[in-house]
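Engineer: predicted model, plus sequence, below.
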Amino acid sequence: MSVRGKPFIPAPPRVISPSPTPSETQETSEDSYLGPVTRSAARRRQTGNTASRQTLQESIDEDSDPELRRARTRSRSPVKTRKVSSLASAKSARASKSTRNEVEKKEADAGTETSNGHLAPPTPTVSGWDWRTFSRSPSPLGLIPIHRRFKTFIHKHEVPRKVLHVSIGFLVYWLYVSGTQTSSVTPFLMGFLIPIASTDYLRHKYASLNRFYVRYLGALMRESEYAGWNGVVFYLLGAWTVLYFFPKDVGVVAVMLLSWCDTAASTFGRLYGIYTPRIRRGKSLAGSFAAFLVGVATAAWFWGWLAPRTGPFPGDEDHPFMFKGILRLPGLVSNMLGLSESQGTVGGPIALGLLSLWSGFTAAGSEVIDLFGWDDNLTIPILSGVGIWGFLKIFG
């Protein structure tokens, strides 16, 4: 029964949005022909599509939000859900990013000291020490002014430092052929060592002295020595040790190995180290092989040519050579092998070749080995001297 005077107004029909979803739009646009596209534009579009797919994740539970449930019943369009989810994901991403930045900032403030604007050598990690990652090279750039001016000549190739390094070997050669005994050289080495080490200690206490020091001697230093001990201190200490404690020939050869093998390893390692396997950080097979060859040549030249043609000198009776030109097996080994004394003895070129090969091996090994983090200017002569002395003690 209808009431007169009141027209009947039907309820508005339910309308389902025919608008395509963004994913359908992307699929349509990807399938349609849009003309040629450059690779960079395609890469940017692909990156944008991936980001939009990750942002428009419909992962919100409708039961947890009554407003979304009502909006879902009114319309089948997922725009509202996607909009809310995208806002929520963006807000959570910003919150996690800000939290991560705060944590990193706190860790950086807690674990680092105040910077002075200069580069510094890398600090060791707390996870543990590895001998393959230990290196004193390459040194940072920016601490010594002259290194910034001559980046290739001084900083990269260290030409002045290597010239000084090599010249010490020729100085030892001149002292030997002039008849100077090792007991006359060690007091001068100690006389140089004490004031140089004292100055190096004081420059670390007074910044003005340190700036003056590196201004005039920076060409002979590595920048890692700006806040550490100068390599000359260890050079003098190593040379004094082998010349004072070892026989004359062993001490002279050890200093020559320090002077020439270390320079050869550094030079050829920087030139060809990238083409050969790495032994440890800062040490390559190319550098070690160069040190081995130079060590063999140095020992063969000294014991096979220089010593027989320039001696003996006055005072050699108090400083005898350890190598007499003969190598023999120990008596215990000869008895175990059933060899007579003559059968277990070699001399001439064979003995010289064996000693030269061993000298080259000890030179290369001492250049690679890290001994308690000490400077190689100290470890190379000492380890080489110990190796050659031990070899001659057993077979000499």
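Structural biologist: Perfect, I can see it now.
Engineer: what's near enough to touch the closest residue to residue 300 other than its chain neighbours?
Structural biologist: If you skip the residues right next to it in sequence, residue 300 has residue 356 as its closest partner in space, 4.2 Å away by C-beta to C-beta, 6 or more residues apart in numbering. For every residue, glycine as well, the C-beta is placed using N, CA and C. Taking C-beta atoms under 8 Å, 6 or more residues apart in numbering, we find residue 356 in contact with 296-297, 299-300, 303-304.
Engineer: how near is residue 356 to residue 396?
Structural biologist: 14 Å (C-beta to C-beta, to the nearest Å).
Engineer: isn't residue 375 right up against residue 230?
Structural biologist: No. The pair residue 375 / residue 230 is not scored as a contact, 9.4 Å apart, by C-beta atoms under 8 Å.
Engineer: coming back round to it: which one of the contacts of residue 356 has the most neighbours?
Structural biologist: Neighbour counts for the contacts of residue 356, by other C-beta atoms under 10 Å, peak at residue 299, which reaches 27 neighbours.
Engineer: which helix or which strand is home to that one?
Structural biologist: helix 285-301 (DSSP states H and E).
Engineer: C-alpha coordinates for that helix, PDB please?
Structural biologist: Written as PDB, here are the backbone C-alpha positions of helix 285-301 (Å, rounded to 0.1, in the frame of the first residue of the first chain):
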ATOM      1  CA  LEU A 285     105.200 -13.500  -5.100                       C
ATOM      2  CA  ALA A 286     106.900 -11.200  -7.600                       C
ATOM      3  CA  GLY A 287     108.600  -9.200  -4.800                       C
ATOM      4  CA  SER A 288     109.700 -12.400  -2.900                       C
ATOM      5  CA  PHE A 289     111.100 -14.000  -6.100                       C
ATOM      6  CA  ALA A 290     113.100 -10.800  -6.800                       C
ATOM      7  CA  ALA A 291     114.500 -10.900  -3.300                       C
ATOM      8  CA  PHE A 292     115.400 -14.500  -3.700                       C
ATOM      9  CA  LEU A 293     117.300 -13.900  -7.000                       C
ATOM     10  CA  VAL A 294     119.100 -10.900  -5.600                       C
ATOM     11  CA  GLY A 295     120.000 -12.900  -2.500                       C
ATOM     12  CA  VAL A 296     121.500 -15.700  -4.500                       C
ATOM     13  CA  ALA A 297     123.500 -13.300  -6.700                       C
ATOM     14  CA  THR A 298     124.800 -11.400  -3.700                       C
ATOM     15  CA  ALA A 299     126.000 -14.500  -1.800                       C
ATOM     16  CA  ALA A 300     127.600 -16.000  -4.900                       C
ATOM     17  CA  TRP A 301     129.300 -12.700  -5.700                       C
END
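Engineer: flag every buried residue along it.
Structural biologist: By neighbour count, with 16 or more other C-beta atoms under 10 Å as the criterion, the buried positions of helix 285-301 are 285-300.
Engineer: show me the shaky parts of this protein.
Structural biologist: For the chain, the stretches with pLDDT under 70 are 1-8, 13-37, 47-157.
Engineer: ok, back up a step: residue 375 and residue 230: which is more packed in?
Structural biologist: residue 230 (23 against 19).
Engineer: chain neighbours aside, what residue packs nearest to that one?
Structural biologist: Taking C-beta to C-beta, 6+ apart as the measure, residue 230 lies nearest to residue 200, with 5.0 Å between them; neighbours along the chain are not counted.
Engineer: I'd like to know how far the one you found sits from residue 307.
Structural biologist: Separation of residue 200 from residue 307 (C-beta to C-beta) stands at 36 Å.
Engineer: again with residue 247
Structural biologist: If you measure residue 247 against residue 307 using C-beta to C-beta, the figure is 12 Å.
Engineer: residue 324 too?
Structural biologist: As defined by C-beta to C-beta, residue 324 lies at a distance of 11 Å from residue 307.
Engineer: of these two, who's got more company?
Structural biologist: Between residue 324 and residue 307, counting by other C-beta under 10 Å, residue 307 is the more crowded of the two (19 against 11).
Engineer: just to be sure, the more buried one is in a helix?
Structural biologist: Yes. Counting by DSSP: H, G, I helix; E, B strand; the rest coil, residue 307 falls inside a helix.
Engineer: please report how far it lies from residue 320.
Structural biologist: On the measure of C-beta to C-beta, residue 307 and residue 320 end up 12 Å apart.
Engineer: check residue 228 too.
Structural biologist: 39 Å.
Engineer: ok, residue 380 next?
Structural biologist: Between residue 380 and residue 320 the distance, using C-beta to C-beta, works out to 25 Å.
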